[in-house]
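S.K.: Here is my input; please provide its structure:
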Amino acid sequence: MVTTERQKILTIIFENEISYNEVPLFRGAVIQATGSETSHVLFHNHLGDGFRFSYPLIQYKRIHGKAAIVCIGEGTDIIGDFFSSVSPTVQLGDRTISLRIEKSLAQSVIIKVWDTSFRYSIRRWMPLNSQNYAKYMEFEDLVEKIVFLEGILTGNILSIAKGLGVNLMEQISVRLTHLDDPYIITVKSVKMMTFNADFVTNVSLPQFIGLGKDASIGFGTLFRADRKDNER
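M.R.: Have a look, this model is predicted:
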């Protein structure tokens, strides 16, 4: 069902510092605090023995070096289940932490195509899977690689819109303006090629949401270039 382009966004940043490697542990700790398998599906995206194959509406992140949760749409309505849990104390691997909120930011953001451009940075973006990785590696020319990645980024933006019930009818433009050398990280024992990049697009998108693979655990986090609260 197509909904309005305006989306409710709630970003909660805690005082607690975590590493990138601890973000999946943070996710697990929040799920555990809300009752594990009895918690709302949006906390973990599991449906019975399968998965909820749609854009994650609760995303776990590291922002400014600290644990954070970004809630989108319906996710803003059910995050109270976590804060009403018995204790703010959670287990992150070998250490126990008491979560304390540093700040929260509530927004109502329009996701749509405009006649102007918006500048973004994207961090720890994983655009390549086993199929398109092979194709990407076939390109010898850097321009070809950039054009290929721009196509994937366009698809990521369309996936967000579709997952949020927004129908982007107009032509989308995406142009990478800076691309760092890729680096390899290991996710669930699988080596993945990861990018940091800057780009411009004519689509307005919310600060801190994730694009691409594993957006629910902090990959592909988006930063508005005109915002002072960006993480560099």
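S.K.: Surely residue 69 is in a strand?
M.R.: Yes. Counting by DSSP: H, G, I helix; E, B strand; the rest coil, residue 69 is part of a strand.
S.K.: That one: what's it in contact with?
M.R.: Residues in contact with residue 69, defined by CB atoms under 8 Å, 6 or more residues apart in numbering, are 11, 12, 30, 58, 59, 60, 61, 79, 82. Heads up, the C-betas are built off the backbone N, CA and C, glycines and all.
S.K.: Now tabulate these in TSV and tack on distance to residue 18, pLDDT and secondary structure.
M.R.: Written out in TSV, the entries for the contacts of residue 69 read as follows (distance: CB to CB, whole Å; pLDDT from 0 to 100; DSSP: H, G, I helix; E, B strand; the rest coil):
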residue	distance to residue 18	pLDDT	secondary structure
11	16	96	strand
12	14	95	strand
30	12	84	helix
58	17	91	strand
59	14	95	strand
60	10	95	strand
61	9	95	strand
79	18	84	coil
82	16	73	helix
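S.K.: between these, which has the most around it?
M.R.: Across the contacts of residue 69, the neighbour count under other CB atoms under 10 Å reaches its highest value at residue 61, namely 29 neighbours.
S.K.: my guess is residue 34 meets residue 80, correct?
M.R.: No. Because the distance of 10.1 Å does not satisfy CB atoms under 8 Å, residue 34 is recorded as not touching residue 80.
S.K.: who's more crowded, the two?
M.R.: Summary of the neighbour comparison: residue 34 and residue 80, criterion other CB under 10 Å, with residue 34 having more neighbours (19 against 10).
S.K.: Against residue 90, how distant is the more buried one?
M.R.: In this structure, residue 34 and residue 90 are 11 Å apart, going by CB to CB, to the nearest Å.
S.K.: Residue 123 too?
M.R.: Using CB to CB, one obtains 24 Å as the distance from residue 123 to residue 90.
S.K.: can you check residue 68 too?
M.R.: When CB to CB is applied, the distance between residue 68 and residue 90 equals 14 Å.
S.K.: Look at the two and report which has more neighbours.
M.R.: Summary of the neighbour comparison: residue 68 and residue 90, criterion other CB under 10 Å, with residue 68 having more neighbours (26 against 21).
S.K.: And the strands in the chain, which stretches?
M.R.: All strands of the chain, identified by DSSP state E, fall at 6-17, 46-47, 50-51, 58-63, 66-72, 89-92, 95-98, 101-110, 113-125, 174-179, 183-187, 190-203, 221-224.
S.K.: Now tabulate these in a markdown table and tack on distance to residue 148.
M.R.: What follows is the strands of the chain, written out as a markdown table (distance: least, CB to CB, whole Å):
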| stretch | distance to residue 148 |
| --- | --- |
| strand 6-17 | 29 |
| strand 46-47 | 32 |
| strand 50-51 | 27 |
| strand 58-63 | 26 |
| strand 66-72 | 28 |
| strand 89-92 | 37 |
| strand 95-98 | 41 |
| strand 101-110 | 29 |
| strand 113-125 | 14 |
| strand 174-179 | 10 |
| strand 183-187 | 18 |
| strand 190-203 | 12 |
| strand 221-224 | 20 |
